[in-house]
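**Q** Only the shape, not the letters, is given here:
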């Protein structure tokens, strides 16, 4: 037998890849499942994944605290008290004393403001930390805020790393923490906890961990009134699942009840609390009446925001109000610009709804930049541009943003005494 008579043995079949997308594309319409990152590393990879966003958040927080200390007048409260300004005090009241037995009304039946307007998860966490550690309620609130901010940094980084690149994810963490009112991510406010839960829900939905996504969405809805934005995002991710499987040509078995259960669970938090307030007070729309009576807040489809911004650009003379109008305008413009980048639809839905709910109601206009902090979407164009830029350019711009944003946030809390 000659060598030409010997046929080479067939190559063994290649195993199906295990680290590729479940289906769909990362930036397109149906990015429902994407790689979890480079394979290998095991448990030792976790410190490398967690360290960059945590260090970035810590660095920005330290700059913000230093800026507050620098700008604070000698006769004003200490830095810790500054970080517990405005609504933080009302959350502390709920944490310490619970909700009132009912809402107060005047002789004519009009509603007064009440702590029932504030959602329960954040004060419940503050109370838990106080009971477990014996810290004061103020220190407990700052602990919850900072831990929430750290968790948000990690989860935002993981989400953007899956959707784009790790560098884009890290830039997004820095921009989110350094935006003009990013200082609220280390305060006794709900923004850090809400952002952590929102990013966790989006990340879980992208991984198709539907029950986890639903639980995060439920808790987000018990944290802020913008919780429906998270629920809608999870619902969109679940709705895209069959289309993504069909488009990929490689459908895989789907436990059909889990996406539906996750979507329903994610959307239940905010309606559940509003219903509880209604039953607690004997009036189903009590929460809305309390908001109107205490803070003049009601849904007006953006009319009040439009009047504020247009009047400031026309004849505004106050620096704080004019800068707030400018920040609102930039956020709207950058949100529209972000849509041209075709972001993952659930991220787009989340960002659009959080932005719309922040700007579509009447209340203190100078609060709007803080209310926009968790929206993420309007920061996407800058994060993508800096993620692709040369390293020197990217880090120079980001460092400037950290310094400028920290100065603005510190000034809002110390120099200008404006409602945030």
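**A** It's in. Bear in mind that the values here come from a model prediction, so they are computed numbers and not experimental data.

**Q** Please read off the pLDDT at residue 244 from the model.
**A** At residue 244, the model reports a pLDDT of 58.

**Q** buried sites along the helix or strand that contains residue 270?
**A** In the assignment (DSSP states H and E), residue 270 maps to helix 269-281. Buried residues in helix 269-281, counted by 16 or more other C-beta atoms under 10 Å: 269-270, 273-274, 276-278, 280-281. Quick note: C-beta positions are derived from backbone N, CA and C, even for glycine.

**Q** Now do the worst-scoring helix or strand of the chain on mean pLDDT: which elements does it pack against?
**A** When the helices and strands of the chain are compared on mean pLDDT, DSSP states H and E, helix 227-248 comes out lowest with a mean of 83. Packing partners of helix 227-248 (3 or more C-beta pairs under 8 Å, 6 or more residues apart in numbering; DSSP states H and E): helix 191-206, helix 210-221, helix 257-266, helix 269-281, helix 345-359.

**Q** now that helix, how far from the centre of its chain.
**A** Centroid separation for helix 227-248 versus its chain: 18 Å, with C-alpha atoms, centre = their mean, to the nearest Å.

**Q** Poorly predicted segments of the chain, please.
**A** 1-44, 107, 243-255 (pLDDT under 70).

**Q** show me where it has strands.
**A** Taking DSSP state E, the strands of the chain run over residues 298-299, 361-362.

**Q** re the thing from before, any idea which of the helices and strands packed on helix 227-248 is most buried?
**A** Burial of the helices and strands packed on helix 227-248 is given as mean neighbour count (mean count of other C-beta atoms under 10 Å); helix 191-206 ranks first at a mean of 28.

**Q** Out of the helices and strands packed on helix 227-248, which is closest to residue 295?
**A** helix 345-359 (14.1 Å; C-beta to C-beta).

**Q** before we move on, back to that, tabulate the helices and strands packed on helix 227-248 (a markdown table), appending distance to residue 129.
**A** A markdown table is the format used below for the helices and strands packed on helix 227-248 (distance: least, C-beta to C-beta, whole Å):
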| stretch | distance to residue 129 |
| --- | --- |
| helix 191-206 | 12 |
| helix 210-221 | 16 |
| helix 257-266 | 25 |
| helix 269-281 | 21 |
| helix 345-359 | 26 |
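
**Q** between those, which one is nearest to residue 164?
**A** Closest of the helices and strands packed on helix 227-248 to residue 164 is helix 345-359, at 10.7 Å (criterion: C-beta to C-beta).

**Q** Which residues does that closest one contact?
**A** 29, 31, 159, 163, 198, 202, 205-206, 225-226, 228-230, 232-234, 236-237, 240, 302, 305, 328, 331-332, 335, 338-339, 343, 368, 371-372, 374-378, 380 (C-beta atoms under 8 Å, 6 or more residues apart in numbering).

**Q** That one to helix 191-206, inter-axis angle?
**A** 150 degrees (axes from the mean of the first three to the mean of the last three C-alpha atoms, to 10 degrees).

**Q** ok now helix 345-359, how far from the chain's centre?
**A** 10 Å.

**Q** Determine the angle, from 0 to 180 degrees, between it and helix 227-248.
**A** Using the same axes, to 10 degrees: helix 345-359 against helix 227-248 is 160 degrees.

**Q** With adjacent residues omitted, what lies nearest to residue 283?
**A** Counting by C-beta to C-beta, 6 or more residues apart in numbering, residue 283 lies nearest to residue 289, which is 6.8 Å off, once chain neighbours are set aside.

**Q** My read is that that neighbour contacts residue 111, right?
**A** Yes - counting by C-beta atoms under 8 Å, residue 111 is a contact partner of residue 289 at 4.3 Å.

**Q** Now the common contact residues for those two.
**A** With C-beta under 8 Å, 6+ apart as the test, residue 289 and residue 111 both reach residue 103.

**Q** neighbour-wise, which of the two wins?
**A** More crowded of residue 289 and residue 111, by other C-beta atoms under 10 Å: residue 289, with 23 against 19.

**Q** Contacts only, for that one.
**A** 103, 111, 283.

**Q** gap between residue 304 and residue 226?
**A** Counting by C-beta to C-beta, to the nearest Å, the separation of residue 304 from residue 226 is 17 Å.

**Q** and what of residue 218?
**A** Counting by C-beta to C-beta - residue 218 and residue 226 are separated by 14 Å.

**Q** Quick check, residue 156 in contact with residue 199.
**A** Yes - using C-beta under 8 Å, residue 156 is in contact with residue 199, at 4.8 Å.

**Q** pretty sure residue 171 contacts residue 386?
**A** Yes - if you go by C-beta under 8 Å, residue 171 and residue 386 touch, sitting 4.7 Å apart.

**Q** Quickly list what's touching both of those two.
**A** 394, 398.

**Q** who's more crowded, the two?
**A** For the pair residue 171 and residue 386, the greater number of neighbours falls to residue 171 (29 against 24), based on other C-beta under 10 Å.

**Q** Next up, the contacts around that one.
**A** Taking C-beta under 8 Å, 6+ apart as the test, what residue 171 contacts is 382-383, 386-387, 394, 398.

**Q** If you rank these by neighbours, which is first?
**A** residue 383 (26 neighbours).

**Q** Give me the nearest residue to that one, chain neighbours excluded.
**A** Nearest one to residue 383, counting by C-beta to C-beta, 6+ apart, is residue 172 at 4.2 Å.

**Q** how many neighbours does that neighbour have?
**A** Neighbour number of residue 172 under other C-beta under 10 Å is 28.

**Q** and the contacts of helix 345-359, which are buried?
**A** 31, 159, 163, 198, 202, 205-206, 225-226, 228-230, 232-234, 236-237, 240, 302, 305, 328, 331-332, 335, 338, 343, 368, 371-372, 374-378, 380.

**Q** quick revisit: what packs against the helix holding residue 270?
**A** Contacts defined by 3+ C-beta pairs under 8 Å, 6+ apart place helix 269-281 against helix 210-221, helix 227-248, helix 286-295.

**Q** Show me how far the shortest one is from its chain's centre.
**A** Distance, stretch centre to chain centre, for helix 286-295: 24 Å (C-alpha atoms, centre = their mean).

**Q** quick one: it to helix 269-281, angle?
**A** Going by the same axes, to 10 degrees, helix 286-295 makes 80 degrees with helix 269-281.

**Q** Please apply the same query to the first one.
**A** When the same axes, to 10 degrees is applied, the directions of helix 210-221 and helix 269-281 differ by 50 degrees.
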